[in-house]
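**Student:** Have a look at this prediction, sequence included:
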Amino acid sequence: MIYTHDLDKLKSTFEKVFGKGDGIRVFDAPGRVNLIGEHIDYCGGRVFPAALTLSNTVLCRNNGSRKVRMYATDLKITSEFSLDDIDAAKTLKWGNYPAGVAKELAGAGCELEGMDMLFDSTLPFGSGLSSSASVELASGLAMLSFSKNAKTMAKKLDRVQLALAGQRAENRFCGVNCGIMDQFASAMGKEDNAILLNCSTLEFSYVPLKLGDYTLVLANTKKKHSLGASKYNERRAEVEEGLKLMHEALPDKKFNNLCEYSEDDFTQARPVLDKEPVIRMRVEHVIRENARVTKAAHELSNGDLRSFGVTLREANDSIRYLYEVTGDELDAMFEEAQNFDYCLGSRMTGAGFGGCTINIIPTGAADEFCRELGARYEKRTGITPEFYVCSIGDGVRELKF
């Protein structure tokens, strides 16, 4: 299923909500799929995301006030906040993510102006494809572009800095202790390429997606998750405890990030880690997953899709049994996909507790796969899923009508 934004229709909707007038501009930021490297971005690990053509598009115009007024086409919700009291927006039912970005930009010296903003999303909310990061990046570029000192700030805040502002907004304003991967992928995406990113240093490289006769199919369980849910922050606390135990076990290697430790280091630390079995499981996932990312990037670069598919399955087992963030629906989608011999590999992608799996499927079999897997999943769970044949696109940018 392909989703697109109809900009002319959105302009008409904008004028119905906010009134007619000149000066409307359009900004777009993609969601992302993480090929491998789950729940290790906040541990300083290497991750392997790609920006999708599924995105959030924002139509904007100055309104001559000190208020930011927002409308969401999917939710049919109008919301607003004052630039003179941004903190009050923390209680908004919808719109706190753009407000959080506004606060970060203002803190960086951006002279923000009142705006009208219409948000249109082709990213299914709660699907694990980073709709929140997409909103943050599209909002950030829009607010930056409309600010009084836009030219000066554009030199100060490049796309990487904009991604960091989005992450800080989610951490500080919205209370979600996320890593940098989602915002970075939305900011720095490149068509037909994945991003091999070191989350500790922000060093990155583009890796062409050489899929040949295969394609990536996302299977949405339609089991929505919330990154603000307690389980996500619980895992953050567990890996922080794991880092302390690694310091205790290996006092000569007091690294700042869990992913700086090797698999051999993990083996040496087992006597200490085994005293806390749950923490040991979390640490094992993080350290071995970080090693798998390097292996997977090498396999994909060489066009070795079969080995890449095996690595994906190994990653899914790790996130399921060691990190325990899948759940019945994701497990069902993964297990049913294994009934298709032509599926080279699959795994859950995103924060977990719902969302999507990613599957490597022959392009010619994609329709059959979606239909048959959908039927199997619905029979097992009672939920009608959705499927998206992936196209890999560019990062945040301004669009033209």
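**Tutor:** Thanks, I have the structure now.
**Student:** pLDDT below threshold where in this protein?
**Tutor:** For the chain, the stretches with pLDDT under 70 are 1-4, 225-229.
**Student:** run the last query once more with 80
**Tutor:** Within the chain, the segments meeting pLDDT under 80 span 1-4, 125-128, 224-230.
**Student:** max-length strand in it?
**Tutor:** strand 49-62 (DSSP state E).
**Student:** buried set for it?
**Tutor:** By 16 or more other Cβ atoms under 10 Å, the buried positions in strand 49-62 come out as 49-61. Yep, even glycine has a C-beta here, placed from its N, CA and C like the rest.
**Student:** so what secondary structure elements neighbour it?
**Tutor:** Strand 49-62 is packed against helix 7-18, strand 25-34, strand 115-121, helix 131-146, helix 181-188, strand 193-198, with contacts defined by 3 or more Cβ pairs under 8 Å, 6 or more residues apart in numbering; DSSP states H and E.
**Student:** C-terminal to it, what's the next element?
**Tutor:** strand 67-72 (DSSP states H and E).
**Student:** what angle sits between the helix or strand following that following strand and strand 115-121?
**Tutor:** Per DSSP H and E, the first helix or strand lying C-terminal to strand 67-72 is strand 77-82. If you take axes from the mean of the first three to the mean of the last three Cα atoms, to 10 degrees, strand 77-82 sits at 140 degrees to strand 115-121.
**Student:** just checking, next helix/strand downstream of strand 77-82?
**Tutor:** Following strand 77-82 in sequence order, the next helix or strand is helix 96-107 (DSSP H and E).
**Student:** Return the alpha-carbon coordinates of that next one using CSV.
**Tutor:** The C-alpha trace of helix 96-107 is given here as CSV (Å, rounded to 0.1, in the frame of the first residue of the first chain):
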residue,chain,number,x,y,z
ASN,A,96,3.6,18.8,22.6
TYR,A,97,6.3,17.4,20.2
PRO,A,98,6.4,20.6,18.1
ALA,A,99,6.3,22.7,21.2
GLY,A,100,9.3,20.8,22.6
VAL,A,101,11.2,21.5,19.5
ALA,A,102,10.2,25.2,19.6
LYS,A,103,11.7,25.4,23.1
GLU,A,104,15.0,23.8,22.0
LEU,A,105,15.3,26.1,19.1
ALA,A,106,14.5,29.2,21.2
GLY,A,107,17.1,28.0,23.7
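**Student:** what about it, distance to the chain center?
**Tutor:** 19 Å (Cα atoms, centre = their mean, to the nearest Å).
**Student:** will you turn the buried residues of strand 49-62 into JSON lines that also has distance to Gly126?
**Tutor:** Below are those laid out as JSON lines (distance: Cβ to Cβ, whole Å):
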{"residue": "Pro49", "distance to Gly126": "18"}
{"residue": "Ala50", "distance to Gly126": "20"}
{"residue": "Ala51", "distance to Gly126": "19"}
{"residue": "Leu52", "distance to Gly126": "15"}
{"residue": "Thr53", "distance to Gly126": "19"}
{"residue": "Leu54", "distance to Gly126": "13"}
{"residue": "Ser55", "distance to Gly126": "16"}
{"residue": "Asn56", "distance to Gly126": "14"}
{"residue": "Thr57", "distance to Gly126": "19"}
{"residue": "Val58", "distance to Gly126": "20"}
{"residue": "Leu59", "distance to Gly126": "24"}
{"residue": "Cys60", "distance to Gly126": "25"}
{"residue": "Arg61", "distance to Gly126": "29"}
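**Student:** that older thread, mean neighbour count, the helices and strands packed on strand 49-62: which tops it?
**Tutor:** Highest mean neighbour count among these (mean count of other Cβ atoms under 10 Å): helix 181-188, with a mean of 30.
**Student:** any residues touching that helix, and which ones?
**Tutor:** Under the contact criterion Cβ atoms under 8 Å, 6 or more residues apart in numbering, helix 181-188 has outside partners 29-32, 34, 37, 41, 47, 49-51, 130, 132-134, 136-137, 159-160, 162-164, 166-167, 170, 195, 197, 199, 202, 204, 395-396.
**Student:** any chance you could map the helices in the stretch 251-400 of the chain?
**Tutor:** Here the stretch 251-400 of the chain has its helices, by DSSP state H, counting those that start in this stretch, at 263-273, 277-301, 305-321, 328-337, 366-381.
**Student:** can you put these in a markdown table and add distance to Lys76 and mean neighbour count?
**Tutor:** Below are the helices of the stretch 251-400 of the chain laid out as a markdown table (distance: least, Cβ to Cβ, whole Å; neighbours: other Cβ atoms under 10 Å):
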| stretch | distance to Lys76 | mean neighbour count |
| --- | --- | --- |
| helix 263-273 | 50 | 15 |
| helix 277-301 | 40 | 20 |
| helix 305-321 | 35 | 19 |
| helix 328-337 | 27 | 21 |
| helix 366-381 | 28 | 16 |
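**Student:** CSV for these, including distance to Phe14?
**Tutor:** Listed next are the helices of the stretch 251-400 of the chain as CSV, based on distance: least, Cβ to Cβ, whole Å:
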stretch, distance to Phe14
helix 263-273, 53
helix 277-301, 40
helix 305-321, 41
helix 328-337, 36
helix 366-381, 34
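**Student:** Would you mind saying which of these lies nearest Ala249?
**Tutor:** Closest to Ala249 of the helices of the stretch 251-400 of the chain is helix 263-273 (Cβ to Cβ; 3.6 Å).
**Student:** That closest one packs against which elements?
**Tutor:** helix 230-249, helix 277-301.
**Student:** Reformat those helices into a markdown table and put distance to Cys110 next to each item.
**Tutor:** As requested, these are exported to a markdown table (distance: least, Cβ to Cβ, whole Å):
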| stretch | distance to Cys110 |
| --- | --- |
| helix 230-249 | 29 |
| helix 277-301 | 34 |
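**Student:** Which one of the ones you listed lies nearest to Thr73?
**Tutor:** Of these, nearest to Thr73 by Cβ to Cβ is helix 230-249, at 27.6 Å.
**Student:** What lies in contact with that closest one?
**Tutor:** Taking Cβ under 8 Å, 6+ apart as the rule, helix 230-249 contacts 39, 42-43, 176-178, 253-255, 257-258, 261, 265, 268-269, 271-273, 276, 278-280, 282-283, 286, 323, 325, 351, 353.
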